[in-house]
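**Q** Provided below are the primary sequence and the corresponding predicted coordinates.
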Amino acid sequence: MTSERVLLLADTHLPTRARDLPVEVWQAVEAADVVVHAGDWVVASLLDELEERARRLIGVFGNNDGAELRRRLPEVARATMGGVRFAVVHEPGDAKGRERRCEQAYDDVDVLVFGHSHIPWDTVTAGGLRLLNPGSPTDRRRQPHCTYLTLTAQECAVDDVVLHRLAPRGADRR
């Protein structure tokens, strides 16, 4: 079975929260086998650039994405990486009851990637569904850092899940 390096992004909000992704994120794009974006791109030009630069891109639209992004992207995406079944959605609903609700709605996958809150999240439900939110690489909101996630999908398992904290805005921008 193959091993795939996966980059998880969400809530980039370009250009309202930043003019571009941080250099570190673009480096992670180039190092990844698969880039997953869980919505709130805001501009289609980021989708265009990620399609050009990523080896494989999986994305969904978010609540801040307009007609062009909604035309080009699904609300929910499903893909298998390294033998692991993933689903991607922007908004899984309130944190209260999230694990139970997601377990019921996504009972055919191993990992659910989501965004919307800008809050990094990594839990496993009672039934074994892994829930991952990478936070935002451009808009930390009430979090101490802007963030993204990387992981390795291999042999039907997710390993090496790392939450990356980015340097303060302006310290590492291209």
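**A** Great, that's in hand. Numbering: from 1, shown residues only.

**Q** Only C-alpha atoms from now on, for both contacts and neighbour counts.
**A** Will do.

**Q** doesn't T150 make contact with R5?
**A** Yes. Between R5 and T150 there is a contact at 7.3 Å, judged by Cα atoms under 8 Å.

**Q** pLDDT below threshold where in the chain?
**A** For the chain, the stretches flagged by pLDDT under 70 are 1, 169-174.

**Q** Show me the helices in it, by range?
**A** In the chain, the helices defined using DSSP state H lie at 23-31, 44-53, 67-72, 98-105.

**Q** wait, which of those helices is closest to D159?
**A** helix 23-31 (16.4 Å; Cα to Cα).

**Q** In that closest one, which residues are buried?
**A** Buried positions in helix 23-31, judged by neighbour count with 16 or more other Cα atoms under 10 Å: 24-26, 28-30.

**Q** Same question for stretch 53-68.
**A** 54, 57-62, 65.

**Q** cool, and stretch 2-17?
**A** 3-14.

**Q** how long is that stretch end to end?
**A** From its first residue to its last, stretch 2-17 covers 36 Å (Cα to Cα, to the nearest Å).

**Q** ok so, going back, who wins for proximity to R140 among the helices of the chain?
**A** Among those, helix 23-31 sits nearest to R140 (Cα to Cα), with 14.7 Å.

**Q** Excluding chain neighbours, give the residue nearest to L50 in space.
**A** Excluding its sequence neighbours, the residue lying closest to L50 (Cα to Cα, 6 or more residues apart in numbering) is L57, at 7.1 Å.
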